[in-house]
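>>> okay, structure incoming, though there's no sequence with it:
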């Protein structure tokens, strides 16, 4: 990998590919909270019981299994659209239009009258959003060389995080402003019209991504081998992407997959208990919102940009190691905060360090995943990697509450930091294997 001077490293963020990725990242991040946190708030206000709301969170499984239909997005043309827009842009546009229609359907449905239509529209939104992720990852990987992948990842994360602020705090703000002060009894507090305004505004916000897709160039077309029959096409679409990865990396494939499976384990396992920890420490909702939801997001974005620049300057593997060290070490700061008590200044310090580290690690990790893909199967292979990186951490995180109940927050945070130790070993081994492969090539 070539090294760039500092001026070149920072100037990459002004390139058209990075600016496009900022807008497309916004389009990718917008639907997530609208089928999770924001939807849960809406349904609870409408009087839907918590058990039902919990079951509805399963619509998010679409994101975890997107690798199942990723081969179709990678290879299957869409009649008329693919010829007009290209393989990546056609799938992006179809998924974005589906999100718009599904969010509009949610907006026009009153959950007190009929809940199942909300469920189906939410499921369609999640499925279309996951499909957009598949096509967008491929679009990003194919839009620039390896040196610029970390910068594209940083701008993508920026757009994604801004969209989450808009679809979270922004949607609640819009719903509150759209309420009409009730003139009758106090029981009439829920107003469907307010949520209708909020979700229609969210649907309209998808125009950012739609316009960007229509104005963007399609990545350089790569001709795929023509299949002689259906069996050969299925082999090329479903089997060959995974076989290609194993052929290229041989014995290192197991090492790489192991690294992908646990790289974010410290952050993900710790993150499940973060909000309960803030509550138990006596921090108010205003304090948590200001420090973690707004200031924390800003620090994550700063970290992502720093991670992108450092990866271009020093190489992805070195920053991947730095991100792993920082992610584990900052969990120890939460252990310190657990013993320190309620202190907003201390919370700001801990959140600053944690989110800055998370941003650096994320930018380097996305760049690393991108470098592993074969350009011929970028959508399928990246979908597999991005789905796989959360499976084990999320499974372990399910036991985090029980661990805190038995051993306390301090021991929990120390334990999550120790979970990061094997990550350091795998990053070191992966870096050595990559260096060896480059020397042999």
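Ah, there it is. Here the structure is a predicted model, which means the values were calculated and not measured. Residues are numbered from 1 along each chain as shown.
>>> tell me which residues touch residue 118, please.
Contacts for residue 118 (CB atoms under 8 Å, 6 or more residues apart in numbering) come out as 39, 43, 106, 109, 111. To be clear about C-beta, it is placed using only N, CA and C from the backbone, and glycine gets the same treatment.
>>> and what of residue 346?
Neighbours of residue 346 in contact, by CB under 8 Å, 6+ apart: 337, 340.
>>> neighbours of the closest residue to residue 308 other than its chain neighbours, just the number please.
The spatially closest residue to residue 308, leaving aside those adjacent along the chain, is residue 154, at 3.5 Å (CB to CB, 6 or more residues apart in numbering). Neighbours of residue 154 under the rule other CB atoms under 10 Å: 32.
>>> can the contacts of residue 118 go into TSV with extra columns for neighbour count?
Output for those, formatted as TSV (neighbours: other CB atoms under 10 Å):
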residue	neighbour count
39	23
43	21
106	27
109	21
111	22
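>>> so which of these comes closest to residue 351?
The shortest approach to residue 351 among those belongs to residue 39, at 25.8 Å (CB to CB).
>>> could I get the contacts of residue 118 as JSON lines with pLDDT and secondary structure?
As requested, those are exported to JSON lines (pLDDT from 0 to 100; DSSP: H, G, I helix; E, B strand; the rest coil):
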{"residue": "39", "pLDDT": "81", "secondary structure": "helix"}
{"residue": "43", "pLDDT": "82", "secondary structure": "helix"}
{"residue": "106", "pLDDT": "96", "secondary structure": "helix"}
{"residue": "109", "pLDDT": "95", "secondary structure": "coil"}
{"residue": "111", "pLDDT": "92", "secondary structure": "coil"}
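>>> so who does the residue nearest to residue 308 touch?
Neighbours of residue 154 in contact, by CB under 8 Å, 6+ apart: 13, 304-305, 307-308, 363.
>>> among those residues, which one is most surrounded by other residues?
residue 308 (34 neighbours).
>>> tell me the pLDDT at it?
On pLDDT, residue 308 comes in at 83.
>>> what about it, which SS state?
Under DSSP: H, G, I helix; E, B strand; the rest coil, residue 308 falls in the helix class.
>>> and the gap between it and residue 151?
Going from residue 308 to residue 151 by CB to CB, to the nearest Å gives 4 Å.
>>> what sits in contact with each of those two?
12-13.
>>> before we move on, the earlier item: mind putting the contacts of residue 154 into TSV with distance to residue 127?
Converted to TSV, the contacts of residue 154 look like this (distance: CB to CB, whole Å):
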residue	distance to residue 127
13	32
304	27
305	31
307	30
308	30
363	28
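>>> quick one: terminal-to-terminal distance for stretch 365-380?
Distance across stretch 365-380, first residue to last, is 18 Å (CA to CA, to the nearest Å).
>>> pLDDT of that stretch, averaged?
On average, stretch 365-380 scores 77.
>>> equivalent analysis for stretch 76-91, please.
Stretch 76-91 comes out at a mean pLDDT of 91.
>>> so what touches that stretch?
So stretch 76-91 is contacted by 73, 93-94, 131, 134-135, 138-139, 142, 213-214, 216, 218-219, 221, 237 (CB under 8 Å, 6+ apart).
>>> nearest to residue 67, of these?
Using CB to CB, residue 134 is the member of the contacts of stretch 76-91 that sits closest to residue 67, with 8.3 Å.
>>> next up, the contacts around that closest one.
With contact taken as CB under 8 Å, 6+ apart, residue 134 is in contact with 66, 69-70, 73-74, 91, 379, 382-383.
>>> return the member of these nearest to residue 328.
residue 382 (25.3 Å).
>>> for the closest one, which non-adjacent residue is spatially closest?
Computed as CB to CB, 6+ apart, the closest residue to residue 382 that is not its neighbour in sequence is residue 137, at 4.3 Å.
>>> circling back to that earlier point, and the contacts of residue 118 as CSV, adding distance to residue 412?
Output for the contacts of residue 118, formatted as CSV (distance: CB to CB, whole Å):
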residue, distance to residue 412
39, 29
43, 30
106, 37
109, 40
111, 36
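>>> quick check: residue 302 touching residue 356?
Yes. Using CB atoms under 8 Å, residue 302 is in contact with residue 356, at 6.3 Å.
>>> quick one, which of these two is more surrounded?
Per other CB under 10 Å, whichever of residue 302 and residue 356 has more neighbours is residue 356, with 22 against 17.
>>> check which helix or strand covers that one.
In this structure, residue 356 is located in helix 344-372 according to DSSP states H and E.
>>> quick one: contacts of the helix or strand just after that helix?
Using DSSP H and E, the next helix or strand after helix 344-372 towards the C-terminus is helix 378-397. The contact list for helix 378-397 (CB under 8 Å, 6+ apart) reads 63-67, 70-71, 73-74, 133-135, 137-138, 141-142, 237, 241-242, 244-245, 257, 260-265, 267-269, 271-272, 365, 369-370, 372-374, 419.
>>> same thing but at 6 Å, please
Under the criterion CB atoms under 6 Å, 6 or more residues apart in numbering, residues 64, 66-67, 70-71, 73-74, 134, 137-138, 141-142, 241, 245, 260-261, 264-265, 268-269, 272, 369, 373 lie in contact with helix 378-397.
>>> before we move on, the earlier item: closest one of the contacts of residue 154 to residue 115?
Nearest to residue 115 out of the contacts of residue 154 is residue 304 (CB to CB; 37.7 Å).
>>> what would the contacts of residue 134 look like in a markdown table with distance to residue 56?
As requested, the contacts of residue 134 are exported to a markdown table (distance: CB to CB, whole Å):
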| residue | distance to residue 56 |
| --- | --- |
| 66 | 19 |
| 69 | 22 |
| 70 | 25 |
| 73 | 26 |
| 74 | 30 |
| 91 | 27 |
| 379 | 28 |
| 382 | 28 |
| 383 | 24 |
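>>> picking up where we left off before, which PyMOL command selects the buried ones in the contacts of stretch 76-91?
PyMOL command restricting the contacts of stretch 76-91 to the buried ones, with burial defined by 16 or more other CB atoms under 10 Å:
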select buried, resi 73+93+94+131+134+135+138+139+142+213+216+218+219+237
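>>> the contacts of stretch 76-91: which two are farthest apart?
Farthest pair in those, by CB to CB: 214 and 237, 27.0 Å.
>>> hang on, the earlier thing: can you tell me which of the contacts of stretch 76-91 are in helices?
73, 93-94, 131, 134-135, 138-139, 142, 213-214 (DSSP state H).
>>> reformat those residues as JSON lines; add distance to residue 179.
What follows is these, written out as JSON lines (distance: CB to CB, whole Å):
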{"residue": "73", "distance to residue 179": "40"}
{"residue": "93", "distance to residue 179": "35"}
{"residue": "94", "distance to residue 179": "35"}
{"residue": "131", "distance to residue 179": "34"}
{"residue": "134", "distance to residue 179": "38"}
{"residue": "135", "distance to residue 179": "37"}
{"residue": "138", "distance to residue 179": "42"}
{"residue": "139", "distance to residue 179": "39"}
{"residue": "142", "distance to residue 179": "45"}
{"residue": "213", "distance to residue 179": "34"}
{"residue": "214", "distance to residue 179": "35"}
